[in-house]
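# coordinates for the following, if possible.
(2 chains)
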Amino acid sequence: MSGKLLAGWSGADITPRLPAALLGQYEQRIARKVGSRLQAVVLAVGREGDTPVYWAACDLLFTPKSLKDAVVDALKSRLPDADAAYVILSATHIHTGPYMQRDAESSLIRYLCDDPTLTQPEENCAAAASAIADAIVRAHDAMVPSTFSRAASPIQTGYCRRVTYTDGSAAMYGRVDRDDFKCMEYHDGGLVNLLYVRNAAGKLTGVVANVPCTAQVVEHKDYITSDYWGYTRAMAEASLGDVWVLGVTGCAGDLSPRDQLTMLPGEPDMNSEDGARWLGERIAREILRYADAPMETLPEDAAFLNRYREVDLPRWNPTFAQYTAAKAAMAGYAEKYGTRPDRYPFKSGVPSFGYSEDEVIVRRFEDDVEYVKAPVHALRIGNVAFITNPFECFIEYADRIRAGMPGVQVFDVQLTDDAMGYLATRRAVRGGGYSAMIFNGQCGPDGGDVLVRESLELLKETEEVR
Amino acid sequence: MKIGFGEGIITPPGRVSLRGQYHIRVSETPREDIRAIAMAVTDGDTTVFWVACDLCAIDDPLPADVYSLTKDILPVREDGIILSATHIHTGPYLVDTISGLNGNRMIPDGTTSADDCRRAVAEGIVTAMKAAYDARRECTLSATCARTRTGVNRRIRYTDNSAVMYGSTARKDFVGSEGRDGGPTQLLYVRDAKGELYGVIADVPCTAQVVEGKNYITPDYPGAAREILARELPNVTLMTLIGAAGDLSPHILIERVPGDPNDRDEDGREAFGRLLAEMVLEHRDDAYDVCEKPEMRYVCENVTLPVWASTDAEYEEAKTWLAELRKQYGDDLNYEKMIAQGFRDTLRFSKALAEIKRHNPDPDVFDVRVHVLRLGNVAFITNPFELYVEYADRMKAALRGVQVFDVELTGHCPGYLATVRGTRGGGYSATIFSGRTSPAGGEILTKASIQALKRIFDR
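Numbers count the residues shown, from 1 in each chain, chains lettered A, B, ... in the order given. This next block holds a predicted model:
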C-alpha cells in the first residue's frame, strides 16, 4: 500500500444554450426556459502517487461515447494520464436535457433536433465536454487526504414499470386495473447506497448516492431541469453546507419513479415538480440521516483499485425470418408514405415502435456486426465496489452481480460511458413491449449474461488485491 | 363510528413447544410475552372485532373458542370476530396435529399441551377484545403508506427454471428472485375527537419471522416496534397486520450489505422493529384524511375453493416412489428414523404423501372466509393463506383511488397459496403439500375478493 487515499470535488454547469431540443421522448419538445440548471458533479479519487479516477455524474439522458471521447481529448494536455480507463461519465437520465449526439438507430428521434434555430448536438456536446474537463481538472487540484464511510438506506425510490398480463405480454407503464392484469414483471428498486467522503479534519466534503431510480419524474416537461437531483443537491447543501452530491443511478431499466400499484391521496404526482421535489428531498433526508451514523468508516489503508475493460458483447441481431418480415413491412411503409420516414404519420398511421423495430431489424441484419463493445469500470475502495455499464440495465442483472460479491457493498451504476440502450432480461423479452424490443438496445439477454460474467470477473480482480 | 384498542397477553404457561419449523424447539421461559392487539369498531348496531395475534397462524377451533368465551359478555356475532396472525415462529402450537413436512407429533411430553396453549391464547384475546370494546371513542382516521422496504422475495430462481425458497444466490445458475418484494407498508392513524392519536394500524408486507429459529417465546419484530413506540407515544396502541407475504420474508438474500444487522437474530429483530416504529412516527402528521365523517361497512363472505388434487400420473408416480422407499426404510416410513438413516429428500417425500392423500379428494372443495371492512375510503380485505404477493397486488390494483389494506393469515390457515409462476418453479411453498389449494384457487380467491371490494364501495 503506498500513499494516502485522496479525494477532490468539483462541478460544472452543463446547461445548454437555449432554445434547445429536449432528448427523452419520441416527440419534439423545445426548451425555452430553465427550471433548474444542469450540472456535472465530479469526484476525483485515488491513492497518493497513483493516477486518480475521475467520476462525473451528469444531468443528461445519456453520456454517449462521443462525449466521453471529447472529455478525454480535452484532458490530454492537462491530465495526460486521464485516459478512458480513468474517466467515468454517468448520466442521471433526465429527460429534460439536450441532445448530445445526432445519430440514433431509430428514425423516430433522428430528426427531432434538426431545426437549425436550436442549439445543435455538436455544440451541446462540445460545451459540456469542455465544462466537464475543466471540472475534472479542478477536482484533481482539490484532492486532499480523505476518509470514506458507507451506508445503505432502505427507502423505496424506483418501482417496476413493466406490467404483465395473463396472455403473457408485458407493457411498460401498462394499466394495472385491466381485468387481465397479472403482476409486475420483477421487483422494485432496492437499497440506496451511500458513500461519504470527509477530509482530514473530518469535514464532510461530498457523498456518492447510488439510487436505483432514474431522474425522470418530470420527463414530459418542456423546460430544462435536473429533475429530482436538483432538489437533492439543494437540500443537502442547505443542511450540510458546502457538500457535493455525486448522484449515480443504479440499474433501473425496468424501473421508474412511479409506483403504479399504490397511488394514494396526499402523495405528490410523480409526473410533476412536486413529485421531483418530494423524491429529491427524500433522498437528501436519507443522506442527512446517515451522515453522522454510517454503517462503517473504511480503514485508511483500504484497498483502492480501478479496472476498466471494453467488453465484447454479442449484439442483439434479428433472425432471417424477422429480417424478411421487417423488410416487407418497410417496403409497405415506403410504398404508402414515401421514402422520408421523418414525414411519416407516426401518430395517426404508422405504429412508431413497430416501425422502429422493423427499421432496426433491417439495418442490423444487413450491417453484419456480431459484437459490440461495452465499457465497464470496476472500482474498489475497501469493501465498497462500484461496477458500471452503459445500458438502461434491467435490475435482475445487478442482482446477479451483487449476489456474486458477498461481503461487499456493491454500487451498481448504469448509463455510464456510452448509450447502448436498454438491456432487457429473458423474462422481459418474452413479454415484449417497449424496452424489450430489438430496437430498444444493442444487446439482448445473451449480452446481459456476458455482461454479468465479465463484470464479476473485473470485480474479482479487485477482490484479489484486497 | 367509534374505535377502541386493547391488549391481552397470550403467552401460554410452562415449557412450550414452538410452532414454525419442522423440528422440535421448546421454550423454557419466554423472552418476552406475546400479545393479542384488538380493535373494536362500532357503527350503529354493528361491532366488529379485529385481533392481531402474535402467533404463527390461526388454527381452528380457536375462533370458535373465542366466540364461545365472548358471546355472552360482548355484542359479538360469530362472523364479526376477525383473528389474524403475525406469523411469528416463536409461539405455541394451538392444535395437536399439524399436517406438516412429516405429520409427526410436534408437542413433546413435558410441554404445555396444545389445548392449554389455545386456552391461554383465547383468554388473552378475550381480554384484548373487552379492553378494546371499553376503550371505544369517536374518532377520525387518516391513512398513508410508508415507502420503505420491508419483506423481500425469498424464492430464488435458477437457469433450469426451478425455484427454491431461501435458495443460494451464490450458485452459478442463479438468475434472480421469482417476483416482487413487499411494497409499501400501509398505515392507518386513529385519533380521538381532540385530535389525539391513540391507535395505529400497520399493514406490513413482511411476516414476523426474523428470529424464526430461536427456541424462546418472542413476538418478533412487532414486539420490538411496540416497545419503541411505547416510549415515544405511550398512549398509542400499534396493531400490526401482515400483508400478503407468502413468497416474502425479512431475510435478505440478494442485496446484503456488510454490517447489516443479523436478520435472523435479536439485532435484526430490533432493527426491523425500529424501522416499523420510525415509519409510524414519520408519517403520523402527513397522512391524508380518510373522509370527513368515516363510516364502517363490513361483510364476511365464504369463498369456495378447489382442493389441490394430484393428477393420476402424479398419484402413480408417488405410489411407485414411496414403494421404493418402503423397501429401504420399512413399511411405516417413520420420518425420524429415515432422517437418522441419511434420508434427505424431504420435500419430495412430503409431496408424495400429499399426492397420495389428495388423489380424487372428497370433498374436492373447501370454504375460506374473506372479511371486508371499509372504514371511510380505505378498505381491509383478508385471506387465510400465506398468500403470494401477486394476488394482493391484483386486488389492490383493481380499485383505483381506494387504499386497500390486504391482510393474510386471517382465520384458519390452509397453508401457502402460490402463483402459477411459483408452482412452475416448484420447491417449498409452491407444491401440493404446502397449501390446500393451487393457483386455480388463487384465481378464484382474487376475483371474489375484487368483487367483494367493489361491492363494498358500490362499484
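
# so A:K336, which of the three states?
helix (DSSP: H, G, I helix; E, B strand; the rest coil).

# with adjacent residues omitted, what lies nearest to it?
A:G349 (7.9 Å; CB to CB, 6 or more residues apart in numbering or on different chains). Any C-beta I mention is one placed from the backbone N, CA and C, and that applies to glycine too.

# who's in contact with the helix-or-strand element of chain A with minimal mean pLDDT?
Within chain A, no helix or strand scores below helix A:107-110, which has a mean of 74 by mean pLDDT, DSSP states H and E. With contacts defined as CB atoms under 8 Å, 6 or more residues apart in numbering or on different chains, helix A:107-110 is touched by A:23, A:26, A:102-104, A:341-342, A:344, A:346, A:352, A:355-356, A:359.

# tell me how the chain divides into domains.
No chain specified, so I'll use chain A. A:5-306+A:374-464, A:318-368 (automatic domain parsing).

# that's the other chain; I wanted chain B
If you go by automatic domain parsing, chain B breaks into B:2-137, B:310-357.

# show me where chain A has helices.
A:65-75, A:107-110, A:121-141, A:228-240, A:273-291, A:320-337, A:352-367, A:395-403, A:426-431, A:445-464 (DSSP state H).

# tell me the residue furthest from the middle of the chain?
Picking chain A for this. A:E335 (38.7 Å; CA atoms, centre = their mean).

# let's do chain B instead
Chain B, CA atoms, centre = their mean, max distance from centroid: B:K327 (39.4 Å).

# type out the PyMOL command that picks the buried ones from the contacts of helix A:107-110.
Selection of buried members from these for PyMOL, criterion 16 or more other CB atoms under 10 Å in any protein chain shown:
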select buried, chain A and resi 23+104+341+344+346+352+355+356+359
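
# so for the particular helix or strand that has B:L322 in it, what gets flagged as buried?
Using DSSP states H and E, B:L322 falls within helix B:312-329. For helix B:312-329, a neighbour-count test (16+ other CB under 10 Å) marks B:E314, B:Y315, B:A318, B:W321, B:L322, B:L325, B:Y329 as buried.

# could you dump the residues you listed to a markdown table with distance to B:C139?
Below are the buried residues of helix B:312-329 laid out as a markdown table (distance: CB to CB, whole Å):
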| residue | distance to B:C139 |
| --- | --- |
| B:E314 | 53 |
| B:Y315 | 55 |
| B:A318 | 54 |
| B:W321 | 58 |
| B:L322 | 57 |
| B:L325 | 59 |
| B:Y329 | 60 |
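
# of these, closest to B:R137?
Proximity of these to B:R137 (CB to CB) peaks at B:E314, which lies at 55.8 Å.

# now do the contacts for that closest one.
B:E314 makes contact with B:E355, B:H359, B:I432, according to CB under 8 Å, 6+ apart.

# what do you get for B:G415?
So B:G415 contacts B:F385, B:E386, B:S434, B:G435, B:R436 (CB under 8 Å, 6+ apart).

# check B:R424 too.
B:N161, B:A163.

# rerun at 10 Å
B:R424 sits next to B:N161, B:S162, B:A163, B:E178, B:A418, B:A430, B:P439 when contact means CB atoms under 10 Å, 6 or more residues apart in numbering or on different chains.

# keeping just the C-alphas, turn whatever helix or strand it lives in into PDB.
For B:R424, the host element (DSSP H and E) is helix B:420-425. Listed next in PDB are the C-alpha coordinates belonging to helix B:420-425 (Å, rounded to 0.1, in the frame of the first residue of the first chain):
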ATOM      1  CA  VAL B 420     -48.700 -20.200 -11.500                       C
ATOM      2  CA  ARG B 421     -45.100 -18.900 -11.700                       C
ATOM      3  CA  GLY B 422     -44.400 -20.200  -8.300                       C
ATOM      4  CA  THR B 423     -45.700 -23.700  -9.000                       C
ATOM      5  CA  ARG B 424     -43.700 -23.800 -12.200                       C
ATOM      6  CA  GLY B 425     -40.600 -23.200 -10.200                       C
END
